[in-house]
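>>> Make a model of this:
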Amino acid sequence: PPPPPHDHIDTVALAGAAASTAHEVATKPTQPINVNLEGNFGRFGEKWKTMFNMLVDYKMQFGHCNVPKSYNPSSLHSWVRNQRNNYKNLLSGKGDSRDMNQARIDALNSIGFTWWLGRITKDDQWEGNFQKLLEFKSVYGTFRVTKEYDKKLCRWVENQRLRKKMLEKYGEGKCKGMTWSRVEKLNSIGFTWSARDDPN
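Here you go, the predicted structure:
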């Protein structure tokens, strides 16, 4: 049988979203996020809505939609990645609008979803690692990130401690990758500058 009719895709909205390659700034919403999920959400629409609501909960907790691989459940990270892939395929004409249609695009846009993870600056990388560390602390109650959990984040934490010592010795501007404003930001979440002070 022929496939069911699909929603019309707003090409103007697609072009506007495609042009937006900026990184997503983590800002926790101050009010509950309420999104109207009525309409045609394509095949497996109810399952899609369930995963979308999980992403909304994540956004409320962490202030962004870039779910890391280490997040539990891992299915949310995979789902977010699939939304970007389905959107990219739709723009290129290779996708199926039952997997990404206007209703899904509008819902994701409404919560500030980032469609493109392009090149990011050193400052953006630092902020991204800071957010990962904040998420880790909120779940495990410690800054003791192990290599088994996330090798890159573990190395980043070690580097922050080392670079603060260099900052104190050589001063700002002569210490690569660390500033007093970053020290203050880490202090604001109770960061422990010595691994020995981390609770197990």
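>>> from the middle of its chain, how far away would the helix or strand containing Ser75 be?
If you go by DSSP states H and E, Ser75 is part of helix 74-92. Put simply, helix 74-92 sits 13 Å off its chain's centre (Cα atoms, centre = their mean, to the nearest Å).
>>> Check which helices and strands that helix sits against.
Applying 3 or more Cβ pairs under 8 Å, 6 or more residues apart in numbering; DSSP states H and E, we find helix 74-92 packed against helix 11-19, helix 45-62, helix 102-110. Placement of C-beta: from N, CA and C, glycine included.
>>> so which of those gets nearest Asn159?
Among these, the nearest to Asn159 by Cβ to Cβ is helix 45-62 (22.4 Å).
>>> packing partners for the closest one?
Packing contacts for helix 45-62, counted by 3+ Cβ pairs under 8 Å, 6+ apart, involve helix 74-92, helix 102-110, helix 122-140.
>>> Lys176: which of the ones you listed is closest?
Closest to Lys176 of the helices and strands packed on helix 45-62, according to Cβ to Cβ: helix 122-140, at 9.5 Å.
>>> Point me to the residue sitting closest to the centre of the chain.
The residue lying closest to the centre of the chain (Cα atoms, centre = their mean) is Asn66, at 1.5 Å.
>>> if I read this right, that one contacts Trp116, doesn't it?
No - using Cβ atoms under 8 Å, Asn66 makes no contact with Trp116, being 11.4 Å away.
>>> re earlier: just put the helices and strands packed on helix 45-62 in JSON lines and tack on distance to Lys152.
JSON lines is the format used below for those (distance: least, Cβ to Cβ, whole Å):
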{"stretch": "helix 74-92", "distance to Lys152": "15"}
{"stretch": "helix 102-110", "distance to Lys152": "27"}
{"stretch": "helix 122-140", "distance to Lys152": "8"}
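>>> For Lys49, which of those helices is the nearest?
helix 102-110 (8.5 Å).
>>> Okay then, goodbye and thanks.
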